[in-house]
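> structure of the sequence below:
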Amino acid sequence: MAFDKTRSAGFLANHMARLFAKGLQQNIRPLGLAPAQFMTLVALWEQDGLTQRELVERLDVEQATMANTLTRMERDRLIERRAHPGDGRSQSIHLTPKAVALREPATAAAGRVNAEALGGLTEEERLLFVDLARRVVASLKQRY
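Sure thing, here's the model as predicted:
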């Protein structure tokens, strides 16, 4: 039986993720942000002072990818690293005032991409789609 990409959840999710990332990139570029930086900022807006390891776990990214992202964010003066109060071997990552000020415009930009993507769905369908996506993510996180 031939592979039918129009019926493959993985293929469609991957394609959708790439399109979301493309839309996000276009919408946050004027703010001087890249998608990986935005993801990291979202985690830090939720809880400032996380360690690099905590960010890796929360965002499901590779350690090297997070290290590169944080280096760029530090260069761009979005974060600062401080000695972790409970563990002298690690550092906590803290938002700068510049990063705090980007919260509203960056999340508004992401909201526009979501609104465009889900614009063809009813409110009930949007809620169902997000609920199903959360459940699929949770299922995959348990397995992988």
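
> where does the chain have its least confident helix or strand?
When each helix and strand of the chain is scored by mean pLDDT, DSSP states H and E, strand 87-95 comes last, with a mean of 90.

> and the next element down the chain from that one?
Next in sequence after strand 87-95, counting helices and strands by DSSP states H and E, comes helix 97-101.

> contact partners of that next one?
The contact list for helix 97-101 (C-beta atoms under 8 Å, 6 or more residues apart in numbering) reads 41, 44-45, 73, 77-79. Using the backbone N, CA and C atoms, a C-beta is placed for each residue, glycine as well.

> quick check: closest non-adjacent residue to the residue most central in space within the chain.
The centre of the chain sits closest to M39, judged by C-alpha atoms, centre = their mean, with a distance of 2.7 Å. Closest residue to M39 apart from its sequence neighbours, by C-beta to C-beta, 6 or more residues apart in numbering: L59 at 5.5 Å.

> how much space separates the one you found from I93?
According to C-beta to C-beta, to the nearest Å, L59 and I93 sit 12 Å apart.

> ok, now Q26?
26 Å.

> more neighbours, these two?
Per other C-beta atoms under 10 Å, whichever of Q26 and I93 has more neighbours is I93, with 25 against 11.

> once you drop chain neighbours, what's closest to that one?
Using C-beta to C-beta, 6+ apart, the closest residue to I93 is I79 (5.2 Å).

> again, but for T40
With C-beta to C-beta, 6+ apart as the criterion, T40 has its nearest non-adjacent residue at 5.7 Å, and that residue is T69.

> repeat for K141
Among residues not flanking K141 along the chain, D60 sits closest, at 7.3 Å (C-beta to C-beta, 6+ apart).

> would you agree the one you found is in contact with A138?
No: D60 is beyond contact range of A138, at 11.9 Å (criterion: C-beta atoms under 8 Å).

> and M16, how far is that from L50?
Taking C-beta to C-beta, one finds M16 at 28 Å from L50.

> the two - which one has more neighbours?
Of the pair M16 and L50, L50 is the one with more neighbours under other C-beta under 10 Å, namely 19 against 12.

> and the pLDDT for that one?
If you check L50, the pLDDT there is 96.

> wait, it touches I93, no?
Yes: contact criterion C-beta under 8 Å: L50 and I93 qualify, at 5.7 Å.

> perfect, that will be all.
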